[in-house]
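>>> just a sequence and a predicted model for now, questions to come.
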Amino acid sequence: MDQIGAPPGPLTPTVGLRAPERSDAARNRELLLTTARRLIDGDGIESLTMDGLAAACGVGKGTIFRRFGSRAGLFQALLDESEKQFQAGFLSGPPPLGPGAPPIERLVAFGRAQLATAARQVPLLRAAERPAAERHAVPARRLASTHIRGLLTQAGVEGDLPALAFDLLAILDAVVWLPDGDLERMLPRLADSWEHIVRRLA
């Protein structure tokens with residue numbers, strides 16, 4: 001629990017800020033990501049291989065691994081755009097998700113938005129999943145946990161807030177592992193259940 005016990009610090013986005021790169025490198029990155037999205041949309045995520053992507057882009061497979069590190073790293077890069085939009089929403093967007101609403105209203109909105117965002121890209125999230133030992137070190141996850149803890153603090157919720165933030169985030173994570181046929185039916189119920197739990201905390 002040491003990692004989740006650290007005090008909340010300033011909240012800053014964890015995606016969208018990359019080191020400057022040459023224009024040709026930026027074009028190659030965008031070509032790889034655009035082509036990967038097209039192949040996934042056409043044939044499904046399970047059909048995407050590094051060999052197939054390399055052939056479709058006219059590059060060597062090593063280029064993809066140097067750029068993204070692994071197949072999971074490629075999928076994580078594909079997720080970055082939606083994560084960037086989500087983080088912008090809760091860090092600086094309009095209320096109730098962003099600043100300006102009471103903390104419990106923001107926490108309700110955060111959970112609902114997180115569930116909706118995840119539901120739109122479950123196959124990618126599954127493919128990009130890190131090993132269990134690395135999962136809680138993912139910057140986006142740490143930011144979400146810190147944000148939840150900060151809102152609980154502002155709302156005056158008592159108890160072990162680091163552990164409570166960990167538990168709440170685990171609820172949101174679980175949507176990724178719902179059976180595919182249950183996701184659409186269960187999503188509104190999960191969102192309502194999230195709101196019920198959050199309001200009971202207050």
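Looks like it came in fine. Numbers count the residues shown, from 1 in each chain.
>>> and L39, how close does it get to E46?
Applying C-beta to C-beta, to the nearest Å, the value for L39 to E46 is 11 Å. All C-beta atoms are positioned from the backbone trio N, CA, C, and that covers glycine.
>>> these two: which is more packed in?
L39 (18 against 9; other C-beta atoms under 10 Å).
>>> quick one: that one and C57 touch, right?
No: L39 is not in contact with C57 according to C-beta atoms under 8 Å; the separation is 10.0 Å.
>>> and the most far-flung residue of the chain relative to its centre, what pLDDT?
For the chain, the residue at maximal distance from the C-alpha centroid (C-alpha atoms, centre = their mean) is G58, at 30.2 Å. Among the per-residue scores, G58 holds a pLDDT of 92.
>>> need phi/psi at it.
Recorded main-chain torsions at G58 are phi 70, psi 30, according to degrees, to the nearest 10.
>>> now swap in G159 and tell me
For G159, the backbone dihedrals (degrees, to the nearest 10) come out as phi 120, psi -170.
>>> residue contacts, it?
With contact set as C-beta atoms under 8 Å, 6 or more residues apart in numbering, G159 has no partners.
>>> okay, it: pLDDT?
In this model, G159 is scored at 93, pLDDT.
>>> helix or strand for the residue nearest to the spatial centre of the chain, which one?
Centroid check for the chain by C-alpha atoms, centre = their mean gives E83 as the closest residue, at 5.2 Å. Assessed by DSSP states H and E, E83 sits inside helix 71-92.
>>> tell me the buried residues in that helix?
71, 74-80, 82-84, 86-87, 89-90 (16 or more other C-beta atoms under 10 Å).
>>> residues in contact with Q154?
Taking C-beta under 8 Å, 6+ apart as the criterion, Q154 is in contact with P103.
>>> how near is it to L91?
Using C-beta to C-beta, Q154 is found at 15 Å from L91.
>>> I197 and D167 touch, don't they?
No: assessed by C-beta under 8 Å, I197 is found out of contact with D167, at 9.5 Å.
>>> quick one, domains of this protein?
Using automatic domain parsing, the domains assigned to the chain come out as 20-69, 71-202.
>>> before we move on, back to that, what is the rounded mean pLDDT of the helix holding E83?
Per-residue pLDDT over helix 71-92 has a mean of 90.
>>> packing partners for the strand or helix carrying T117?
Secondary structure assignment for T117, by DSSP H and E: helix 103-119. Contacting helix 103-119 under the criterion 3 or more C-beta pairs under 8 Å, 6 or more residues apart in numbering; DSSP states H and E are the following elements: helix 71-92, helix 139-154, helix 161-173, helix 180-201.
>>> contact partners of it?
Under the contact criterion C-beta under 8 Å, 6+ apart, helix 103-119 has outside partners 82-83, 86, 89-90, 95-99, 101, 125, 144, 147-148, 151-152, 154-155, 168, 171-172, 175-176, 183-184, 187, 190-191, 194-195, 198-199, 201-202.
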